[in-house]
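Trainee: how would this look folded up:
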Amino acid sequence: MAGLLSTIGKHTASEDSAFEYLVEQGLLAKERRCSKCYPAPNLSLIRRSDIADGWTWRCSLRGCRTKVSIRKDSFFSQSKLRLTTWIKLMYLWASDIPVTKVRCHLDDGECSTTTAVDAYYLIRDIYTGKLLASPVLLGGPGIVVQIDESLMRHNHKYNRGRGPLDHIWVFGMLDTSLSPGVGYMEVVDKRDAAMLLPIIQQHTRPGTIIHSDQWAAYRDPAARLPTVACHRTVNHSRHFVDPQTGAHTQAVESYWNSVKSKLKSMRGTTDGMLPGHLDEYMWRERWGSGANGWMNAQTAYNSLVRHICTMRMRRKIFYVAVYV
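Mentor: Down below sits the predicted model:
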């Protein structure tokens, strides 16, 4: 196994070790009950040499013998990939390995690029769902949040998609009290007050100080938004930093450079995928970073495992039979 995957080597040595690990992590059920029998007995785990997983659940009643996949109602139920391969793919994603490079880290024939793309799509559902369940909140009493919009001139894969005149604007906010800064981004159809001010209100804590340029949509948010205590601007046609208030947007502009550098490294994307890529960037900032604030593969992997388990519980995916 390649060095990158050595950390999870003991969990991917065999399908049995993968199954035991995923049960231990709460990603697969450790027990089930039969949905057809009353009172419902626990299903028994039996060895199956004719299936890739190697195990299946079976009702212990002689007149039933209902069989249930160990993947039923789990994150892995939508895929036929081996569980060992799934663990590897999760770690490769956490390590920020592009989907086009996944096969370089796997055994020959273990996973096609198309299948890896499908797996990354399923992981996207997890981090996007986590962001929806835990809305981003920035700032707070006396904390400066810089805001700005940026034009995303990304390349289109396969030369498909909207032309260069159909610009995609992203509105961004950066909490400057943290190092490195932590932000929020959202694709916007318009850059007017009706579009941008509700986003500021939704993603800032009470008492936040806003720094921005003098774009008209930002006019006087402190009087219009309950969470904004103060608004300071900088006139970029004259200064990079306002000489009187010290207001500037240099941190959020640096943030845009980092985001665009990440998108550029992907060698193009599609318009429909851009929001997902922004979500991934924000997820990694919050749950994929080490103690020093920089992104860390092991931290991201542990968070991914935890969030898959959390989403599974939230959606009541753990199998429970209810009898009246």
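Trainee: For the rest of this, base every contact and every neighbour count on C-alpha atoms.
Mentor: OK.
Trainee: Helices of this protein, start to end?
Mentor: 15-24, 83-94, 113-133, 193-202, 221-224, 250-265, 274-287, 297-314 (DSSP state H).
Trainee: does G142 really touch I210, like I thought?
Mentor: No. Contact criterion Cα atoms under 8 Å: G142 and I210 do not qualify, at 9.8 Å.
Trainee: Would you mind finding the most buried of the helices of the chain?
Mentor: helix 83-94 (a mean of 21; mean count of other Cα atoms under 10 Å).
Trainee: Need the CA coordinates for it. PDB is fine.
Mentor: Extracted in PDB, the C-alpha atoms of helix 83-94 (Å, rounded to 0.1, in the frame of the first residue of the first chain):
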ATOM      1  CA  LEU A  83     -15.600  -1.400   1.900                       C
ATOM      2  CA  THR A  84     -11.800  -1.400   1.900                       C
ATOM      3  CA  THR A  85     -11.800   0.800  -1.200                       C
ATOM      4  CA  TRP A  86     -14.300   3.100   0.400                       C
ATOM      5  CA  ILE A  87     -12.100   3.700   3.500                       C
ATOM      6  CA  LYS A  88      -9.200   4.500   1.100                       C
ATOM      7  CA  LEU A  89     -11.300   6.900  -0.900                       C
ATOM      8  CA  MET A  90     -12.500   8.700   2.200                       C
ATOM      9  CA  TYR A  91      -8.900   9.100   3.300                       C
ATOM     10  CA  LEU A  92      -7.700  10.300  -0.100                       C
ATOM     11  CA  TRP A  93     -10.500  12.900  -0.200                       C
ATOM     12  CA  ALA A  94      -9.500  14.000   3.300                       C
END
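Trainee: ok, back up a step: of the helices of the chain, which approaches R62 most closely?
Mentor: Among these, helix 15-24 comes nearest to R62, with 26.4 Å by Cα to Cα.
Trainee: So for G142 and I210, which residue has more residues nearby?
Mentor: I210 (28 against 14; other Cα atoms under 10 Å).
Trainee: That one contacts L225, doesn't it?
Mentor: No. Counting by Cα under 8 Å, I210 stays clear of L225, with 11.0 Å between them.
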